[in-house]
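Trainee: I need the structure of the sequence given here:
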Amino acid sequence: MAEREITPTHSAFLELREERSGMQEGYGFLDEKRLILAAEILAELARYEQMREGFRLLYTKAAAGLRAALARHGVEGLEIYPKAAVPCKELRVESRSVLGVRVQAADWETGERETPPPAVGASPEADECRDSFVDLVLHAARLAVHAGNLERLRLEYSRTARRARALEDVLLPEIDESLRLVEGALEEMEREEAMRVRQVRSIT
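Mentor: Okay, the predicted model is just below:
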């Protein structure tokens, strides 16, 4: 940042002090916001990790079911196997604001599972594979909501931390230096004025 040309006057000194006070207050707000966002990120990360562990278990089950179904029917047999009816009407998403950041929670509004059309050469392996992937897709949608929360929180935390560092490392030191220079100039002017007063008194 370019240095400002400041005339060393008492009014300029007071304006600088007021400006510094505002900057310090802004830094305090940003620092507090940074802590709140960090706490929310940790809480959201714990929820995400819990959801991801559930996703891993479902993924492992679905992969095993797919291997078993392929071994029983082959790729062509699974391609014509009746698809599952997803037992969900809609994904319900609830939002709340954390210092302006949208944090969401989601769940499916479920209904009764419809029985798929009968398959030619039906097997428990293919049925289990189909049901496993339905569960996996439903869980993946909820996991994606938490991933989005983490990304939005991360971006806001980065912006907040960057602004806080700019105040702490650049703007506040610059204004402190300006205050020091103006204060030194004022003191020098006061000393010169005092010397002139003494000289006038000694002459008179």
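Trainee: what stretches of this protein score poorly on pLDDT?
Mentor: 1-4, 86-89, 111-114, 204 (pLDDT under 70).
Trainee: give the contact list for the spatially most central residue of the chain.
Mentor: With the centre of the chain defined as its mean C-alpha position, the nearest residue by C-alpha atoms, centre = their mean is L153, 1.1 Å away. Applying C-beta atoms under 8 Å, 6 or more residues apart in numbering, we find L153 in contact with 37, 40-41, 44, 98, 101, 103. Glycine gets a C-beta too; all of them are placed from N, C-alpha and C.
Trainee: Apply 7 Å and report the result again.
Mentor: Shown in contact with L153 (C-beta atoms under 7 Å, 6 or more residues apart in numbering): 37, 40-41, 44, 101.
Trainee: Ok, I36 next?
Mentor: Here I36 is in contact with L99 (C-beta under 7 Å, 6+ apart).
Trainee: hang on, the earlier thing: quick check, nearest of the contacts of L153 to L136?
Mentor: L136 has its nearest neighbour among these in E44, at 22.1 Å by C-beta to C-beta.
Trainee: what about the closest one, how many neighbours?
Mentor: Counted with other C-beta atoms under 10 Å, the neighbours of E44 add up to 19.
Trainee: Verify the contact between it and L150 for me.
Mentor: Yes - E44 lies in contact with L150 (C-beta atoms under 7 Å); the separation is 5.6 Å.
Trainee: What residues sit buried inside stretch 48-57?
Mentor: 48, 51, 55 (16 or more other C-beta atoms under 10 Å).
Trainee: Which of those sits closest to I6?
Mentor: Nearest member of the buried residues of stretch 48-57 to I6, counting by C-beta to C-beta, is Y48, at 50.2 Å.
Trainee: Which of the helices or strands spans the closest one?
Mentor: If you go by DSSP states H and E, Y48 is part of helix 10-79.
Trainee: one step back: could you check which helix or strand contains the residue nearest to the centre of the chain?
Mentor: Taking DSSP H and E as the criterion, L153 maps to helix 124-166.
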